[in-house]
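Student: model this:
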Amino acid sequence: MRCSGSVRFGVLVPEDAERLAQKLRLHNVEQERLVSMAEGWRRISPERGELAAQALIYRLGPQAFTDHALLGWARSQASANDGNWHAMATTPRRWTAPVFPLKAADFIKRGIEKGPALGAALRAAESAWLAAGFPDDTDALGAIADAAAKR
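Tutor: Below you'll find the model as predicted:
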């Protein structure tokens, strides 16, 4: 039976991580990392592809992504030499997440007023930008902003 470090400590869900963190008197950063691993490793698989891995690096950050990838790998049936898992787990070494290039001003000039509608447009644009593979050219960004503003 495969056994990752968090399984040996009995961390299967976020609540387990919180209890263990209190028992071990972990710092907040350590507790957050443990909780993140308990709930996030299931979203990681090399079968989902590089774009999915990059989107998770963008959302989680490189350290949390690596934690999740290593834990997912340990809980998979793959061997320790599996090339696909290794490539995925080391993606943060080869790729740095860009900063979302659209700002509130891009939507305000498209007629979106400040408030919930502006937040919704920004979230929709960010999701579309991720799905499109993080484009940085003006035309693609304009099309993403226009589509999000029309929602």
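Student: Could you point out the longest helix of the chain?
Tutor: Selection of the longest helix in the chain by residue count, based on DSSP state H, yields helix 116-131.
Student: Sticking with the residue nearest the centre of the chain, tell me its helix or strand.
Tutor: The C-alpha lying nearest the average C-alpha coordinate of the chain belongs to residue 56 (CA atoms, centre = their mean; 2.6 Å). Residue 56 is located in helix 50-60, with elements delineated by DSSP states H and E.
Student: ditto for residue 140
Tutor: Per DSSP H and E: helix 138-150 holds residue 140.
Student: Excluding chain neighbours, what is closest to the residue nearest to the centre of the chain?
Tutor: Counting by CB to CB, 6 or more residues apart in numbering, residue 56 lies nearest to residue 65, which is 5.4 Å off, once chain neighbours are set aside. Every residue, glycine included, has its C-beta placed from N, CA and C.
Student: Tell me how many other residues crowd that neighbour.
Tutor: Number of residues near residue 65 (other CB atoms under 10 Å) recorded here: 26.
Student: And the residue located most distally from the centre of the chain, how far from residue 143?
Tutor: For the chain, the C-alpha lying farthest from the average C-alpha position belongs to residue 111; by CA atoms, centre = their mean, that distance is 30.6 Å. Going from residue 111 to residue 143 by CB to CB, to the nearest Å gives 16 Å.
Student: can you check residue 118 too?
Tutor: Using CB to CB, one gets 19 Å for the distance from residue 118 to residue 143.
Student: Could you verify my assumption that residue 129 touches residue 102?
Tutor: Yes. Contact criterion CB atoms under 8 Å: residue 129 and residue 102 qualify, at 7.2 Å.
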